[in-house]
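Student: below is the sequence, then the predicted model.
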Amino acid sequence: MNERARVPFALVGVLLLAGSATMSGALGGVTVTEPDTEAALEEARVALGGDLRDATRTAAREAAANPVVATANTTLGRALAATGDPFRASLELRAYLALRDRLDRTTAQGVRAAPSLPRLSTAADLRAVLARTSVEAVDEADALRVTVENVTLVATRDGRTVERVRVSPTVEVASSVLALHERTVRFDRRLDADATAPGLARRATARLYAMAWTRGVAQYGGAPIANVVGNRHVAVATNGALLAEQRAVFGTADDAAVRATRTAATRAAGADLLAGAGASGAESTALIRAADGAVPGSTLDPTRAADTPAVGPEDTLAVGVNATADRAFRRFVDGGLAAAIAATYRVRAERRVAVTTLGTTRTGRAAPDGENWTFVARNVTTGLSVASANATDIGAASPRHVVSSAAREVTKRRTVVRRWRRGNRTARTTEVVTTRERVRVAVVGRHDGGPAPVREIEPVHERGGVLDGPNLGAVGERATDRLVAERGGTDAVARRAVAGTLGPNRTTLSGEPPDELRAWVYRDLVGLRERVRNVSVAVERGAVGTYDANPAAALAAAVRERRAALLDAPPTYDGVADRARVAARAAYLDAVLSALDRRADRRRDAGDRFASVLADHGLSRDRLGALLDARGEVSSGANGTVSGERVAVEGAPAYLSLSRVDRAATDARGNGSTVPLAARNTNLFTVPYGDVADSVVGELFGERRVRLRSAARALRGAEGVAAETDDERASARRERIRDAVRAAVDRRREALRHRLAEAGVGSSSDDRRAVVAAGLDRWTTPATRALALANGSAAAAVAGVAAERYPETVAETEARDRLRLALRAAATSGDGVPQSAVNAGVTATRRLATEAATRAAARAANRTATVATERVERRLGRSLARVPSGLPVTPLPSQWYATTNVWTVEARGAYDRFVVRSREGFPGRTLAYVRDGGAVGIDWDGDGDAEHAGRASEVDLSVETAVVVVVPPGGQGVGDTDGNADERSAGW
């Protein structure tokens with residue numbers, strides 16, 4: 001640099017030349033690779049892709065054979081869990097480790113290319129590997145796309161590094177491992193899903209409903225079924241639902257499970273059907289064993305049976321007004337009928353007066369002429385005069401009308417005489433004020449009393465009409481007499497009206513009904529009563545059983561809707577008698593509606609108590625209704641295939657039984673035995689008079705008493721068992737029931753005789769006793785006689801005998817009809833039978849039946865005893881089935897819609913080993929995804945020891961549901977009568 005701070009030009013040239021050479025060398029190292037090096041790297045890339053494919057296949061097989069479903073609390077387990085999908089993360093880790101183990105160097109043209117992946121030793125290393133390795137399903141889940149990022153390739157020549165690059169190989173490998181895992185997870189979740197959601201529990205609920213309703217209706221019909229819902233039914237329903245779930249999720253089902261479930265269902269159904277046919281235990285066993293050896297492919301396949309029984313929850317139950325019409329009628333004719341007729345003939349009358357001033361005149365003078373007069377005193381006199389005047393209508397708006405009217409002209413004179421003084425002079429003046437007023441007097445009446453619609457009546461004040469009665473002809477005159485004549489006549493009323501001293505102006509009178517009116521109206525009401533009896537509504541059986549439907553409220557709505565048609569009021573009444581007929585019909589309909597409304601209120605109260613019972617068992621009415629609705633949403637569709645082929649499903653054991661199973665026989669992991677399925681079902685209302693039922697329906701038949709119908713059926717069951725056994729205690733308890741039933745029958749006999757006396761039948765108590773005895777003579781035992789009284793047939797028989805022996809007493813329609821109603825009320829009501837007597841007898845009946853059946857089974861080995869044993873079993877089965885059960889729905893005899901019962905059902909279990917297979921790549925190669933609960937380990941840090949990653953959790957199941965069954969009223973109801981209300985399997 002010179003003195004002027006200038007750089008010599010020659011020096012600048014040298015620097016530029018040196019810089020150019022340096023830049024050229026640096027750029028050449030990035031963009032230019034020797035051909036030998038490039039070839040070696042390319043060969044390494046190709047080999048790396050092949051290694052990744054092999055590693056992926058190996059990782060897929062290992063992940064399927066030992067899937068990580070539940071992670072362990074280890075470094076590895078926590079790292080896998082942090083990804084949110086431990087199975088996919090374990091697959092990615094396995095692919096990385098398998099690739100790392102396969103890495104090998106390649107050589108080309110003297111250049112070596114070596115790939116490398118870092119080894120793992122810390123949790124951070126694990127997280128990094130899971131971040132750089134990705135696995136995803138492609139090709140509709142038939143293949144995997146795997147990428148490992150940042151694999152280092154180093155090229156060396158003669159030990160000197162000539163190139164270092166990083167690559168991220170991506171390959172696609174045919175494998176459905178993710179699809180198998182995801183579907184198995186979905187299957188597992190559906191096995192634990194709530195019964196209101198798609199899954200196992202909902203399907204099992206649908207099958208249980210089909211079984212329970214079929215068996216419940218059969219039991220109601222008299223079949224010897226003592227256990228409507230048993231755990232064997234729960235097991236068959238659960239396994240059948242499992243097969244349906246396999247088809248829905250995997251598109252196929254375990255063939256061995258199909259065969260096993262078919263066999264189990266056949267055995268269960270066979271046992272039920274044979275018991276219903278009266279077959280003994282030995283006969284049932286022999287026939288079922290024969291069925292087990294039947295030709296495969298039989299058309300009988302209970303696992304694919306219809307999910308709905310012949311009668312199901314959605315079927316409607318016709319509920320009619322029925323006996324409520326009779327009860328309301330009897331109460332109505334005892335007092336309401338007379339009141340309705342009287343109200344129709346009742347007239348409310350009032351006197352109306354209108355005063356109109358016609359004019360006022362003044363004569364004379366008020367003061368003398370001149371000034372300065374001083375007023376001293378006065379004398380006032382008044383006078384009234386009355387003269388006839390032309391009557392004009394005073395007017396009356398409907399429903400009132402004018403009965404009579406008159407007019408008077410009243411002249412009122414007011415004379416005032418005044419005395420005056422001025423000095424010594426006095427004077428007198430006279431002033432007369434004359435006022436003329438017209439007074440109109442009318443008597444207005446209304447005869448629209450009672451509940452009949454307001455219509456014109458023709459005739460009303462003249463004789464005639466449907467019964468040619470007097471109608472209200474004289475009522476108008478009587479009203480005028482009472483309101484006018486008895487108060488001095490029209491003149492006097494006019495005077496008082498002007499004077500402002502009128503007294504009371506209203507009165508009530510009654511017309512005279514024809515003598516035959518009541519009988520005629522009664523006959524008309526009988527026809528209406530039969531029409532009302534036949535009013536019915538359709539309600540779903542299931543909704544009745546869950547108390548979601550209120551039949552009484554629905555009936556009341558139906559009667560209100562048809563009220564106009566039932567009333568059948570004419571446009572114009574044919575006389576007052578015709579209106580009385582319609583009024584009686586309206587009042588009777590009101591009585592029926594009041595009775596139905598009271599029933600609806602009691603139904604709502606019972607529904608609240610029913611909900612309390614459900615709550616004690618972990619249920620609610622909403623839950624029960626939701627389960628009922630959900631069972632109808634079951635789909636039978638299968639959900640496609642995997643890898644273009646139907647997968648194979650294998651469960652060990654194939655059939656989840658309630659019995660203990662040897663693991664060696666199921667090819668499952670481990671030794672010993674296991675109970676694959678545990679079940680429990682609880683029948684809520686085992687007897688219609690137990691504490692639980694009483695808490696719902698209340699003690700409607702007296703404190704701690706049983707209705708006569710139920711006691712009679714319990715007695716029949718006790719008599720049937722006693723005939724086949726010899727037990728002194730049971731005999732004593734049977735006699736106690738019999739005595740209690742006989743006492744209840746005697747009370748009703750007395751009530752029948754009392755009703756006969758009220759009707760005037762017979763001249764003595766002996767006569768009436770003979771009538772009752774003759775009517776009941778056809779029923780020879782206390783039980784049958786009690787049932788006849790309870791169902792009304794005995795009352796009809798007694799009424800028939802009374803009419804035959806004393807025809808003159810019940811000659812009239814009303815007399816015959818009222819006697820029949822009174823006798824039916826006496827027979828079907830009254831105190832029940834003490835609950836303690838019935839409960840003791842039923843308990844003994846069930847105990848004896850169980851003991852006798854056990855002894856019979858023990859003797860069955862002796863062939864000579866087989867015939868007697870079978871006879872005892874048949875008779876015991878029929879007798880035990882006669883024991884009543886269930887919850888009567890609003891159980892007053894005239895209000896018994898149906899009998900309902902509820903079972904809570906629980907099941908839990910697991911497959912020891914569950915395998916899903918699919919074809920994989922080459923023909924004959926399969927991929928097996930295994931869930932057996934085993935521990936899963938992965939040697940991720942290369943120390944030779946596999947670290948605990950988690951477990952291949954078992955595929956387990958859980959079912960919690962409930963079943964409600966509804967049968968018509970009467971019969972023995974529906975429910976478990978074998979004494980085992982809370983049935984638990986051995987593994988529960």
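Tutor: The structure has been received and is ready for your questions.

Student: which helix or strand contains residue 494?
Tutor: helix 489-499 (DSSP states H and E).

Student: actually residue 147, sorry about that
Tutor: In this structure, residue 147 is located in strand 143-148 according to DSSP H and E.

Student: now do the helices in the stretch 201-350 of the chain.
Tutor: Applying DSSP state H, counting those that start in this stretch to the stretch 201-350 of the chain gives helices spanning 231-250, 255-276, 281-292, 323-331, 337-344.

Student: domain ranges for the chain, per the record?
Tutor: Structurally, the chain divides into domains by automatic domain parsing as follows: 36-175, 184-307+634-683+896-912+954-984, 356-447+473-501, 694-884.

Student: redo those domains as CSV? Include distance to residue 554.
Tutor: Using the backbone N, CA and C atoms, a C-beta is placed for each residue, glycine as well. Formatted as CSV, the domains of the chain follow (distance: least, Cβ to Cβ, whole Å):
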stretch, distance to residue 554
domain 36-175, 52
domain 184-307+634-683+896-912+954-984, 11
domain 356-447+473-501, 35
domain 694-884, 20
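
Student: residue 578 is nearest to which of those domains?
Tutor: Proximity to residue 578, assessed across the domains of the chain by Cβ to Cβ, is greatest for domain 356-447+473-501 (13.0 Å).

Student: what's the spacing between the closest one and its chain's center?
Tutor: 77 Å (Cα atoms, centre = their mean, to the nearest Å).

Student: ignoring the adjacent residues along the chain, who's closest to residue 611?
Tutor: residue 621 (4.8 Å; Cβ to Cβ, 6 or more residues apart in numbering).

Student: that neighbour contacts residue 549, doesn't it?
Tutor: No: with contact defined as Cβ atoms under 8 Å, residue 621 and residue 549 do not form a contacting pair (11.4 Å).

Student: neighbour count winner among the two?
Tutor: Neighbour totals were compared for residue 621 and residue 549, and residue 549 leads with 22 against 16 (other Cβ atoms under 10 Å).

Student: for the residue nearest to that one when sequence neighbours are not counted, which residues are in contact?
Tutor: Computed as Cβ to Cβ, 6+ apart, the closest residue to residue 549 that is not its neighbour in sequence is residue 543, at 3.7 Å. Listed by Cβ atoms under 8 Å, 6 or more residues apart in numbering, the contact partners of residue 543 are 313, 549, 625, 628.

Student: what mean pLDDT does the helix or strand hosting residue 731 have?
Tutor: Residue 731 belongs to helix 728-758 when assigned by DSSP H and E. Over the span of helix 728-758, the pLDDT mean works out to 84.

Student: and residue 116, what are its bridge partners?
Tutor: The residues paired with residue 116 through beta bridges, assigned by DSSP bridges, are residue 152.

Student: quick revisit: now for the strand holding residue 147, which elements pack on it?
Tutor: Where contact means 3 or more Cβ pairs under 8 Å, 6 or more residues apart in numbering; DSSP states H and E, strand 143-148 is packed against helix 35-65, helix 86-102, strand 133-138, strand 170-174.

Student: how about low-confidence regions in the stretch 501-650 of the chain?
Tutor: For the stretch 501-650 of the chain, the stretches flagged by pLDDT under 70 are 635-645.

Student: again, only using 90
Tutor: Judged by pLDDT under 90, the stretch 501-650 of the chain has its weakly predicted residues at 501-505, 541-547, 602-603, 605-610, 613, 617, 628-647.

Student: mind checking how far the residue nearest to residue 611 is from residue 614?
Tutor: Applying Cβ to Cβ, to the nearest Å, the value for residue 621 to residue 614 is 6 Å.

Student: point out the most buried one among the helices of the stretch 201-350 of the chain.
Tutor: The densest packing among the helices of the stretch 201-350 of the chain, expressed as mean neighbour count by mean count of other Cβ atoms under 10 Å, is seen in helix 231-250 with a mean of 25.

Student: for that one, enumerate the helices and strands it packs against.
Tutor: Other helices and strands packing on helix 231-250, by 3+ Cβ pairs under 8 Å, 6+ apart, are helix 177-191, helix 200-220, helix 255-276, strand 677-683, strand 898-910, strand 956-967.

Student: put the alpha carbons of that helix into PDB.
Tutor: Once side chains and other backbone atoms are set aside, the C-alpha atoms of helix 231-250 remain, and they are given as PDB (Å, rounded to 0.1, in the frame of the first residue of the first chain):
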ATOM      1  CA  ASN A 231     -78.100 -69.200  33.100                       C
ATOM      2  CA  ARG A 232     -78.100 -71.900  30.400                       C
ATOM      3  CA  HIS A 233     -80.200 -69.500  28.300                       C
ATOM      4  CA  VAL A 234     -77.800 -66.600  29.100                       C
ATOM      5  CA  ALA A 235     -74.800 -68.800  27.900                       C
ATOM      6  CA  VAL A 236     -76.500 -69.800  24.700                       C
ATOM      7  CA  ALA A 237     -77.600 -66.200  24.000                       C
ATOM      8  CA  THR A 238     -74.200 -64.800  24.700                       C
ATOM      9  CA  ASN A 239     -72.300 -67.300  22.500                       C
ATOM     10  CA  GLY A 240     -74.800 -66.800  19.700                       C
ATOM     11  CA  ALA A 241     -74.300 -63.100  20.000                       C
ATOM     12  CA  LEU A 242     -70.500 -63.600  19.900                       C
ATOM     13  CA  LEU A 243     -70.800 -65.400  16.600                       C
ATOM     14  CA  ALA A 244     -73.000 -62.600  15.200                       C
ATOM     15  CA  GLU A 245     -70.400 -60.100  16.400                       C
ATOM     16  CA  GLN A 246     -67.600 -62.100  14.700                       C
ATOM     17  CA  ARG A 247     -69.600 -62.000  11.400                       C
ATOM     18  CA  ALA A 248     -70.300 -58.300  11.800                       C
ATOM     19  CA  VAL A 249     -66.600 -57.300  12.500                       C
ATOM     20  CA  PHE A 250     -64.600 -60.000  10.600                       C
END
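
Student: state the mean pLDDT of it.
Tutor: Per-residue pLDDT values across helix 231-250 average out to 95.

Student: what angle do it and helix 177-191 make?
Tutor: 150 degrees (axes from the mean of the first three to the mean of the last three Cα atoms, to 10 degrees).
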